[in-house]
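>>> sequence unavailable; structure follows:
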């Protein structure tokens with residue numbers, strides 16, 4: 001599946017898999033932050049029901065089927081309330097163990113810092129798996145016509161979201177022009193923790209993994225129309241030192257889509 005996001009580019013001949021090492025490094029179990037209430041409670045000396053994995057698999061299959069249909073219907077109806085759809089989606093995701101989702105079907109993109117690929121792809125609903133190397137970045141970028149929820153699975157990654165503070169240059173035609181950008185959200189994605197963006201809210205984000213790397217899942221809704229959001233994709237360079245620390249204001253520049 002092709003998208004306007006470089007982290008979702010398709011390069012099917014690439015195969016870089018860190019899953020075994022990553023999972024081995026983070027084998028200590030932890031409760032999910034947003035779905036602990038659904039986890040089975042085991043008394044001392046008992047073992048998990050061997051059918052649990054099967055039941056979780058059925059739940060996830062049902063979830064994927066339902067949300068393909070719900071998202072297709074919302075897009076066809078011209079839905080404009082992105083947050084309402086994302087909140088309903090996240091409420092359903094919160095009932096599921098993110099570790100129980102199937103692995104990506106292929107490596108669609110890899111650049112040494114991270115590898116990503118689809119778990120599920122349909123014209124309007126996309127589920128992507130990302131694996132990040134230790135202390136690695138995903139460069140700041142915007143999204144065109146998409147809303148996303150990112151949910152942590154293993155390790156940790158800090159995700160920062162931004163919005164222009166005032167008028168911003170056009171990312172399609174006005175590159176390397178400094179403008180003010182405001183950090184509006186920062187989340188450490190660990191197992192079950194999430195962050196989100198819509199076509200017009202917090203639409204720019206960047207990631208930095210922790211010392212053990214990270215694995216997370218993106219749930220994306222492709223509306224196909226900007227609805228007042230960006231019409232062109234671009235990565236950004238954002239100055240780390242703020243110009244206004246109290247308000248989280250930084251200087252940024254659109255840089256297009258260089259491969260590195």
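Ah, there it is. This is a predicted model, so every value here is computed, not measured.
>>> low-confidence ranges, the stretch 1-150 of the chain, go.
Across the stretch 1-150 of the chain, residues meeting the criterion (pLDDT under 70) sit at 1-51.
>>> any idea which helix is longest in this structure?
Counting by DSSP state H, the longest helix found in the chain is helix 52-76.
>>> what residues of it count as buried?
In terms of neighbour count (16 or more other Cβ atoms under 10 Å), helix 52-76 has its buried residues at 59, 60, 63, 64, 67, 68, 70, 71, 74, 75. Where C-beta positions appear, they are placed from N, C-alpha and C, glycine not excepted.
>>> verify the stated contact: residue 247 with residue 182.
Yes - the pair residue 247 / residue 182 is scored as a contact, 6.5 Å apart, by Cβ atoms under 8 Å.
>>> parallel or antiparallel, list what pairs with the helix or strand hosting residue 206.
Here residue 206, judged by DSSP states H and E, is contained in strand 204-222. Strand 204-222 pairs in its sheet with strand 125-132 (antiparallel), strand 137-141 (antiparallel), strand 146-164 (antiparallel), by DSSP bridges.
>>> so for the helix or strand where residue 188 lies, mean pLDDT?
Counting by DSSP H and E, the element that carries residue 188 is strand 179-189. Strand 179-189 shows a mean pLDDT of 98.
>>> name the helices or strands packed onto the next helix or strand after it?
Next helix or strand after strand 179-189 toward the C-terminus (DSSP H and E): strand 194-197. When contacts are defined as 3 or more Cβ pairs under 8 Å, 6 or more residues apart in numbering; DSSP states H and E, strand 194-197 packs onto helix 82-93, strand 146-164, strand 179-189, strand 204-222.
>>> adding mean neighbour count as columns, could you present those in TSV?
Listed next are the helices and strands packed on strand 194-197 as TSV, based on neighbours: other Cβ atoms under 10 Å:
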stretch	mean neighbour count
helix 82-93	16
strand 146-164	22
strand 179-189	18
strand 204-222	22
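>>> out of the ones you listed, which comes closest to residue 101?
strand 204-222 (6.1 Å; Cβ to Cβ).
>>> buried sites along the helix or strand following that closest one?
Per DSSP H and E, the first helix or strand lying C-terminal to strand 204-222 is strand 235-238. Across strand 235-238, burial judged by 16+ other Cβ under 10 Å covers 235, 236, 238.
>>> run through the neighbouring helices and strands of the strand holding residue 188.
Counting contacts by 3+ Cβ pairs under 8 Å, 6+ apart, strand 179-189 packs against strand 146-164, strand 194-197, strand 204-222, strand 249-256.
>>> of all the ones you listed, which lies closest to residue 127?
Minimum separation from residue 127 across these (Cβ to Cβ) falls at strand 204-222, 5.7 Å.
>>> what pLDDT, on average, does that closest one get?
Rounded mean pLDDT across strand 204-222 is 98.
>>> any idea how far residue 239 lies from residue 150?
Between residue 239 and residue 150 the computed distance is 24 Å (Cβ to Cβ, to the nearest Å).
>>> repeat that for residue 181.
20 Å.
>>> cool, residue 163 as well?
Using Cβ to Cβ, residue 163 is found at 17 Å from residue 150.
>>> so what would you say the end-to-end distance of stretch 78-86 is?
15 Å (Cα to Cα, to the nearest Å).
>>> apologies, that question was intended for stretch 101-119.
Stretch 101-119 has an end-to-end distance of 8 Å (Cα to Cα).
>>> for that stretch, what is the distance to the chain centroid?
12 Å (Cα atoms, centre = their mean, to the nearest Å).
>>> which one of the strands paired with strand 204-222 lies nearest to residue 89?
Among these, strand 146-164 comes nearest to residue 89, with 6.2 Å by Cβ to Cβ.
>>> so how far is that closest one from its chain's centroid?
Centroid separation between strand 146-164 and its chain, computed with Cα atoms, centre = their mean, is 5 Å.
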